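Colleague: missing the sequence, but the structure's below:
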Ligand SMILES: [Fe+2]
C-alpha cells in the first residue's frame, strides 16, 4: 500500500447548488479549508439529486461553475465532482454515467432513511447495468437497516462497496447508527468513511472518526477505510 496521504472524502455537499449544503462559494470554501486542516486530501463534492430537485442542465452548469470558483481558493483539498442519487423511479430512465464520481467507476446511491428499499435496489441495479459500481451511502443511518440484521445481510450479499459516515462512528447519529457503522467497517467487503458534510453544523471533518477507527480497528484498517484503498477506482482517482 502506498504511504497514507490523507483522507479521501467521497461524499460532501460543500458546493452551492440549491440543496441543503453550502449556500455560497465562500461558505463552501471555508468548510473545505476546515476539512483540509482536519486531514482531508481529496474531497468529492456530491450535491443531492433529489426527486424534487433534479440535476437539470442549468443546475449542473451552476454546480460546475461553483466548483471552478472554489478551486481558486488556497489551502483546499483536491476537489472532485460527483453526485448523490436519492432513489427515485425517475432516475431509472436516466443514464447513471452522468452521475459518476469523477475519475472512478463509482456512483453514490443514497440509502433511504426509512421505508421500503425496493426503489433503492432498483436504482443500484440500474447503476450496475450501466457498467458502474453503486457506492452505497450511509446504510447505518437507515431505519430500514438499523435493528434489521436480515436486511443488512441482504445488502451485504450484493458485494457493493459501502460508505459509512464519520459522524455515525462518533455517535452523533445515535447508538444504533454507531453500532451498525462499526459492524459495516468490520464486515462489509469494501468500506470507506466519508463526511457527508453540509454546513457548519455538519462540517466535512473526519479527524474524530479517524481516531475512533484507529482505537477500534488499528491504524492499518483506518488507513484502508479513510484512504479509499478498498474501493475500486477511488484511491486511483485521487493519486
Ligand atoms: Fe449526502
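Modeller: That came in fine, so what should we check first? Keep in mind that this is a model prediction, so the values were computed, not measured. Residues are numbered from 1 along each chain as shown.
Colleague: check residue 186 and give its pLDDT.
Modeller: Listed pLDDT for residue 186 reads 94.
Colleague: contacting residues for it?
Modeller: By CB atoms under 8 Å, 6 or more residues apart in numbering, the contact set of residue 186 is residue 217. All C-beta atoms are positioned from the backbone trio N, CA, C, and that covers glycine.
Colleague: part of a strand, is it?
Modeller: No: going by DSSP: H, G, I helix; E, B strand; the rest coil, the assignment for residue 186 is helix, not a strand.
Colleague: please report how far it lies from residue 179.
Modeller: 11 Å (CB to CB, to the nearest Å).
Colleague: same check on residue 87?
Modeller: From residue 87 to residue 179 the distance is 24 Å (CB to CB).
Colleague: and those two? which has more neighbours close in?
Modeller: Taking neighbours as other CB atoms under 10 Å, residue 87 and residue 179 compare with residue 87 leading, 22 against 15.
Colleague: is it true that that one touches residue 110?
Modeller: Yes: Residue 87 lies in contact with residue 110 (CB atoms under 8 Å); the separation is 6.8 Å.
Colleague: any shared contact partners between those two?
Modeller: Shared contacts of residue 87 and residue 110, counting by CB under 8 Å, 6+ apart, come down to residue 120.
Colleague: near the ion, which residues of the chain are found?
Modeller: Taking CB under 5 Å from the ion as the measure of proximity, the chain contacts the ion at 84, 196.
Colleague: could I get the full set of strands for the chain?
Modeller: Counting by DSSP state E, the chain has strands at residues 7-9, 40-45, 48-49, 78-81, 84-85, 106-110, 133-137, 162-165, 191-194.
Colleague: any idea of the mean pLDDT in stretch 115-123?
Modeller: 96.
Colleague: contact partners of it?
Modeller: Taking CB under 8 Å, 6+ apart as the rule, stretch 115-123 contacts 85, 87-89, 91-92, 109-112, 134, 144, 151.
Colleague: please repeat the previous calculation with a cut-off of 6 Å.
Modeller: Applying CB atoms under 6 Å, 6 or more residues apart in numbering, the contact partners of stretch 115-123 are 87, 91, 109, 112, 144.
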